[in-house]
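Participant: I need the structure of the sequence given here:
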Amino acid sequence: VTEPVHWGTMGAAAPLSFGHFDLGEYNILEMPLFMAMGVFGGLCGALFNASNTKLSKWRMRNISKHKRRRFIEVIIVTVTVTTFHFLVPLFDGQGPSVANIDTFTITERLFWAPGGESIKALFHSRENFDPVLLTFFVITYYVLACWTYGLSVPSGLFVPSLLTGAAFGRLTGQAAHHYSGGATADPGIYALMGATAFL
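Facilitator: Presented below is the predicted three-dimensional model:
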């Protein structure tokens, strides 16, 4: 970094990037909100761990010992998650006859786009996301990630955690921006804070 970074600005020097952030400014009065987001993210993580531990214990007792059951569980979860993510944008507003991703709203695209693309959109889009559908996305993605993690397939939590947190942060940022009359940081900064909180 060749330029000094002053208090209240955020740079983009990172080994892993979901797009470039221009120096985003925030108000020092937003720090308590960022801290509350961190606490909420930690509580969601604790709930995720507790729920997944119970689910994993149930899986060990009832599924793990039987190859056929493990295979059937993977098929059931895969079909459920895929069907859910496929159908939600189709039934939101435009109806099931439209299956062209180019006609979807930015919020509907979250359900079909790859995780990295969705994270970039949440971080950098100037367009507002539909708050009701974004809330639905956060809740369902969180629940589906908990259900999916621990299946008898290789999977991870890095992108699902970032995506859930970014969607939560974007929702918080849009609300803060709306209720403050635009006096807060860009909602994309909140998405970044939310993604960090959920890691």
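Participant: Spatially central, which residue of this protein would that be?
Facilitator: residue 164 (1.9 Å; CA atoms, centre = their mean).
Participant: Would you mind listing the buried residues in the helix or strand where that one lies?
Facilitator: Residue 164 is located in helix 158-179, with elements delineated by DSSP states H and E. Residues of helix 158-179 classed as buried: 160-174, 176-177 (neighbour count, 16 or more other CB atoms under 10 Å). (C-beta placed from N, C-alpha, C; glycine too.)
Participant: I'd guessed the residue nearest to the centre of the chain sits against residue 142; true?
Facilitator: Yes. Using CB atoms under 8 Å, residue 164 makes contact with residue 142 at a distance of 5.1 Å.
Participant: sorry, back to before: counting contacts, what elements does the helix holding residue 164 pack onto?
Facilitator: Applying 3 or more CB pairs under 8 Å, 6 or more residues apart in numbering; DSSP states H and E, we find helix 158-179 packed against helix 31-62, helix 115-124, helix 131-148, helix 187-198.
Participant: For residue 104, find the nearest of those helices.
Facilitator: Residue 104 sits nearest to helix 131-148 of all those, at 10.7 Å, using CB to CB.
Participant: residues making contact with the host helix or strand of residue 84?
Facilitator: Counting by DSSP H and E, the element that carries residue 84 is helix 67-91. Helix 67-91 has contacts (CB atoms under 8 Å, 6 or more residues apart in numbering) with 59, 62-64, 96, 98-99, 104, 108-109, 111-112, 136, 140, 144, 147-148, 151-153.
Participant: Just to check, residue 191 is in contact with residue 120?
Facilitator: No. Under the criterion of CB under 8 Å, residue 191 is not in contact with residue 120, lying 10.0 Å apart.
Participant: These two: which is more packed in?
Facilitator: residue 191 (30 against 18; other CB atoms under 10 Å).
Participant: roughly how far apart are that one and residue 173?
Facilitator: 6 Å (CB to CB, to the nearest Å).
Participant: can you count the residues close to residue 117?
Facilitator: 13.
Participant: same check, this time on residue 34
Facilitator: So residue 34, with other CB under 10 Å, has 18 neighbours.
Participant: Just give the number of residues close to residue 194.
Facilitator: 29.
Participant: for it, what are its contacts?
Facilitator: Residue 194 touches 37, 41, 165-173, counting by CB under 8 Å, 6+ apart.
Participant: any chance of those in CSV, plus pLDDT and distance to residue 199?
Facilitator: Listed next are the contacts of residue 194 as CSV, based on pLDDT from 0 to 100; distance: CB to CB, whole Å:
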residue, pLDDT, distance to residue 199
37, 95, 12
41, 96, 8
165, 96, 7
166, 95, 10
167, 96, 14
168, 97, 12
169, 96, 12
170, 95, 16
171, 96, 17
172, 95, 16
173, 92, 17
